[in-house]
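Engineer: the sequence isn't on hand, but the structure is:
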């Protein structure tokens with residue numbers, strides 16, 4: 001519900017999950033089930049995006065001119081909870097736009113799937129990449145700018 005409020009003027013351009021894969025505990029053999037995003041039982045934890053959401057995210061990404069993806073969709077290391085990450089990663093394959101994947105876990109997921117060549121750029125600096133997009137001051141970028149300016 002909060003995500004819907006935060007979308008504000010961007011409306012349907014910001015896609016939020018509609019379903020979640022939950023488990024009874026954080027374990028590879030957890031009992032998994034798909035639930036609506038706003039109906040997660042108190043005794044369950046979210047371990048992946050659901051199949052409807054994965055398909056929607058992949059559809060949006062495949063048709064986008066540019067994509068910045070930071071963070072896996074679920075616990076990709078466990079087969080039962082890797083579908084969301086697999087579908088989203090697969091959407092990068094053949095995307096003619098500029099695609100960036102940021103964050104060590106996302107890069108590891110792509111490598112695990114043999115898709116590390118799919119995006120235009122890979123960066124293990126996920127948090128720094130997000131800060132750059134936010135327009136925040138990054139010491140490394142500032143040092144490069146001073147060097148270019150001859151300071």
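Structural biologist: Structure's in. What do you need? As the structure is a computational prediction, the values presented were derived from the model and not from experiment.
Engineer: in the longest helix seen in the chain, what counts as buried?
Structural biologist: Longest helix in the chain, counting residues (DSSP state H): helix 51-62. Across helix 51-62, burial judged by 16 or more other CB atoms under 10 Å covers 53, 54, 55, 56, 57, 58, 60, 61, 62. Where you see a C-beta, it was placed from the backbone N, CA and C, and this is true even at glycine.
Engineer: please apply the same query to stretch 142-150.
Structural biologist: Residues of stretch 142-150 classed as buried by neighbour count (16+ other CB under 10 Å): none.
Engineer: which residues touch residue 130?
Structural biologist: 70, 102 (CB atoms under 8 Å, 6 or more residues apart in numbering).
Engineer: kindly recompute the last result at 10 Å.
Structural biologist: Neighbouring residues of residue 130 by CB atoms under 10 Å, 6 or more residues apart in numbering: 68, 70, 71, 102, 103, 136.
Engineer: strands - which of those land there?
Structural biologist: With strands taken from DSSP state E, the overlap with the contacts of residue 130 comprises 68, 70, 102.
Engineer: by neighbours, which of those residues wins?
Structural biologist: Of all the ones in strands among the contacts of residue 130, residue 102 has the most neighbours under the rule other CB atoms under 10 Å, reaching 24 neighbours.
Engineer: bridging residues for that residue?
Structural biologist: Beta bridges link residue 102 to residue 70, residue 123, judged by DSSP bridges.
Engineer: measure it to residue 9 for me?
Structural biologist: Per CB to CB, to the nearest Å, residue 102 is found 25 Å from residue 9.
Engineer: JSON lines please, covering the ones in strands among the contacts of residue 130 and showing distance to residue 110.
Structural biologist: Putting the ones in strands among the contacts of residue 130 into JSON lines (distance: CB to CB, whole Å) gives the following:
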{"residue": "68", "distance to residue 110": "14"}
{"residue": "70", "distance to residue 110": "12"}
{"residue": "102", "distance to residue 110": "11"}
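Engineer: and of the residues you listed, the nearest to residue 40?
Structural biologist: Closest approach between the ones in strands among the contacts of residue 130 and residue 40, by CB to CB: residue 70, at 22.8 Å.
Engineer: dihedrals phi and psi, residue 33?
Structural biologist: phi -150, psi 160 (degrees, to the nearest 10).
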